[in-house]
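Colleague: what's the 3D shape of this:
(2 chains)
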Amino acid sequence: MRLAFILSEIGSGLRRNLSMVISVILVTFISLTFVGAAGLLQLQINQMKGYWYDRVQVAVFLCVENSTSPSCAAGPVTEEQRDTIRGMLESETFTPYVASVEYESQDEALGHFQDQFANSPIVDSVTADQLPESFRVNLVDPEKYEVINEAFSSLPGVDVVSDQRELLEKVFSVMNRASLGALLVAGVMTVCAILLIATTIRLSAFSRRRETGIMRLVGASKAVIQLPFILEGVIAAVVGALLASGALWGMSRFVIGGWLAREYPETAFISDQQVLLLVPALILLGALLAGVSSLLTLRRYVKV
Amino acid sequence: MIRFENVTKVYDAKSRPALDSVSLEVDRSEFVFLVGASGSGKSTFIRLVLKEDSASRGAVYVAGQNVANIPSWRVPRLRRGIGVVFQDFRLLPNKTVFANVAFAMQVIGKSRAVIRETVPEVLKTVGLEGKNNRMPHELSGGEQQRVAIARAIVNRPGILLADEPTGNLDPTTSMGIMKVLDRINSNGTTVVMATHDDDIVNTMRKRVVELRNGAVVRDDAQGIYIGETEAVAE
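Modeller: Predicted coordinates for the structure are as follows:
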């Protein structure tokens, strides 16, 4: 009986304040979408880290004709130097760090270069002897790049030791910043949502002050008086959270899954299943947001 | 049933207290008129009994319990034992007569079956048989007040507080309301009625407690109403 009563109170409250309820839904929708977008970016970063850190290599580039580093002063790398370097990489000293070593000749480098810039006119002006040959080193622990760098960068015949991870870190830092930006927007929108929920509850309390006054007089408990208001806010926020989840899922399915993944088949993208993991978090967040802000409002506007 | 021990209520430290060291006892099943001019402290008395406010000094006992010791979460239980009627009826305009009375039972979790059984009974007690489905605006003032009384007593409280219940009604209608209150009182409910209405007080011949400037100035067992001018002349 009491449940049915509370439900009917909620229903009438939602109907009475329809426009406010819709605005609460929309604001929580937007704010939680941004929260979720930040979450997705973090998931994506983790995904890419997991994927790429297994694949990143340290490249030991060898000297070519016009290398400028001091260790290349003697001109292009000699057969002898190359063998020394290979020998060192495969030696006992480095086995704890080095998982595997591959050699990339100038011709292979050109091949890769042509693949990578297939659509660019730059391809036609590059010849194999301009590109350095290199050793591609897979590390046991990608964090231990410095070991290789220190040992090899000043060796005669080595132009430069480069860590591909550095490039990735740049990409990740851009993505981190984007997710920070999304969180910032989410923060502002969340403040909006809290204030709007508070206003809605206030209006709702005002339009039902007769009922609540009588409830008080006949000895209705605090829960019966306040629950309809709180649930009103929570329901609106949860609807907003569901919309946000839907939007994020659509985004991951159609933008990431349907477009980005096809454009960049090399990259590991998050799947829409992973997005579903965010849904309970968003709903919980929305409900918490509405619950807390309506509780605080009720304390001021609905005397019990 | 209600006992005030040296109760003082100060709303604003600068002005005089609304109740000034009032001691008063109302027994079970008693009918008491609380008379006095506006601002004499009648409404404050009612608010203190309901624990809408707490006394600044002194103690208020309701059904043997010092209301100051009732924790806030138990206040609803206190109020379930007290029915209240106001001058302005305070009905819900968008609910029928039946629904208005049923509302008081719904919000404290009474079952549908109990409500269906009790509400018509109570409506009969207040003389509103057959008006279950009327809306408040279709009723006369007297009938609206009867609905309000029905709502106040539907949960069978031990105490009925009435704050000027006939203030908006003509004398004939008022007498009808008094009959209802008298009948409720004779069923064992303690009734405290704040009023200005000298005719009613003089006709009923019940206990009269007169307040003036927050103090009890008269407490007659079968009293009459003494108007402001006469009281001053005394």
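
Colleague: which residues of chain A fall in strands?
Modeller: For chain A, the strands defined by DSSP state E cover A:57-62, A:98-104, A:134-139, A:158-163.

Colleague: Sorry, slip of the keys, the one I care about is chain B.
Modeller: B:2-9, B:19-26, B:31-35, B:57-62, B:65-66, B:82-86, B:159-163, B:190-195, B:207-212, B:215-220.

Colleague: any idea how far A:Ile97 lies from A:Gly219?
Modeller: Not quite, residue A:97 is Tyr, not Ile. 76 Å (Cβ to Cβ, to the nearest Å). Glycine gets a C-beta too; all of them are placed from N, C-alpha and C.

Colleague: The two: which has the busier surroundings?
Modeller: A:Gly219 (22 against 17; other Cβ atoms under 10 Å in any protein chain shown).

Colleague: got a list of what that one touches?
Modeller: Contact analysis of A:Gly219 by Cβ atoms under 8 Å, 6 or more residues apart in numbering or on different chains lists B:76-82, B:108, B:155.

Colleague: And the helices in the chain?
Modeller: Using chain A. A:2-16, A:18-53, A:79-89, A:106-116, A:145-152, A:164-207, A:209-217, A:222-250, A:261-263, A:272-301 (DSSP state H).

Colleague: Correction: the question concerned chain B.
Modeller: Going by DSSP H, chain B shows helices at B:42-49, B:75-80, B:97-106, B:112-125, B:141-153, B:171-186, B:198-204, B:228-233.

Colleague: I'd like to know which of these is closest to A:Leu183.
Modeller: The minimum distance between A:Leu183 and those falls on helix B:75-80, with 42.9 Å, by Cβ to Cβ.

Colleague: right, is that closest one up against chain A?
Modeller: Yes. Shown here: helix B:75-80 in contact with chain A (Cβ under 8 Å from any Cβ of the partner chain) through B:75-80.

Colleague: can you list the residues of chain B near chain A?
Modeller: B:50, B:72-73, B:75-84, B:90, B:92, B:103-104, B:106-112, B:151-152, B:155.

Colleague: Now a ChimeraX select for only the buried ones of those.
Modeller: Filtering these down to the buried ones (16 or more other Cβ atoms under 10 Å in any protein chain shown) takes a single ChimeraX command:
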select /B:50,75,76,78,79,80,81,82,83,84,90,92,103,104,106,107,108,110,151,152,155
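
Colleague: any weak-confidence spans in chain B?
Modeller: Counting by pLDDT under 70, chain B shows low-confidence ranges at B:227-234.

Colleague: in it, which residue is closest to the centre?
Modeller: Residue closest to the average C-alpha location in chain B (Cα atoms, centre = their mean): B:Leu161, at 1.6 Å.

Colleague: Over to chain A?
Modeller: Note: chain A centre (Cα atoms, centre = their mean) maps to A:Leu41, 1.3 Å.

Colleague: If you drop the residues flanking it in sequence, what lies closest to that residue?
Modeller: Excluding its sequence neighbours, the residue lying closest to A:Leu41 (Cβ to Cβ, 6 or more residues apart in numbering or on different chains) is A:Ser179, at 3.6 Å.

Colleague: Correct me if wrong: that neighbour contacts A:Gly36.
Modeller: No. Using Cβ atoms under 8 Å, A:Ser179 is not in contact with A:Gly36, being 10.7 Å away.

Colleague: neighbour count winner among the two?
Modeller: A:Gly36 (26 against 21).

Colleague: picking up where we left off before, name all residues that make contact with the residue nearest to the centre of chain B.
Modeller: B:46, B:49-50, B:82-85, B:192-194.

Colleague: Quick check: the residue nearest to B:Glu5 when sequence neighbours are not counted vs B:Ile2, distance?
Modeller: Nearest residue to B:Glu5, sequence neighbours excluded (Cβ to Cβ, 6+ apart): B:Ala59, at 4.7 Å. Distance of B:Ala59 to B:Ile2, computed by Cβ to Cβ: 12 Å.

Colleague: So the two - more neighbours on which side?
Modeller: Each of B:Ala59 and B:Ile2 has its neighbours counted (other Cβ under 10 Å); B:Ile2 has more, 24 against 14.

Colleague: how far away is that one from B:Gly83?
Modeller: Distance of B:Ile2 to B:Gly83, given as Cβ to Cβ: 13 Å.

Colleague: Also A:Glu133?
Modeller: On the measure of Cβ to Cβ, A:Glu133 and B:Gly83 end up 98 Å apart.

Colleague: same question, A:Phe5
Modeller: Counting by Cβ to Cβ, the gap from A:Phe5 to B:Gly83 is 20 Å.

Colleague: how about low-confidence regions in the stretch 201-304 of chain A?
Modeller: In the stretch 201-304 of chain A, residues with pLDDT under 70: A:304.

Colleague: Contact distance from chain B - what residues of it qualify?
Modeller: Listed as neighbours of chain B in the stretch 201-304 of chain A under the rule Cβ under 8 Å from any Cβ: A:210-211, A:213-222, A:224-225, A:304.

Colleague: what number of residues lie near A:Val161?
Modeller: 22.

Colleague: correct me, but it touches A:Asn149?
Modeller: Yes. Under the criterion of Cβ under 8 Å, A:Val161 makes contact with A:Asn149 at 4.7 Å.

Colleague: and for the two, which residues touch both?
Modeller: A:Val58.

Colleague: And B:Val192, how far from chain A?
Modeller: 15 Å (Cβ to the nearest Cβ, to the nearest Å).

Colleague: Can you give the domain ranges for chain A?
Modeller: When chain A is parsed with automatic domain parsing, its domains come out as A:2-52+A:169-301, A:55-164.

Colleague: A:Ala59: neighbour count?
Modeller: 18.

Colleague: which residues touch it?
Modeller: Counting by Cβ under 8 Å, 6+ apart, A:Ala59 touches A:134-137, A:161-162, A:164.

Colleague: now swap in A:Glu211 and tell me
Modeller: A:9, B:92, B:103.

Colleague: Return the member of those residues nearest to A:Thr84.
Modeller: A:Thr84 lies nearest to A:Glu9 out of those, by Cβ to Cβ, at 84.3 Å.

Colleague: Can you report how many residues lie near the closest one?
Modeller: 22.

Colleague: and if you look at B:Gly58?
Modeller: Other residues lying near B:Gly58 total 17 when counted by other Cβ under 10 Å.

Colleague: list the contacts for it?
Modeller: B:4-8, B:21-23.
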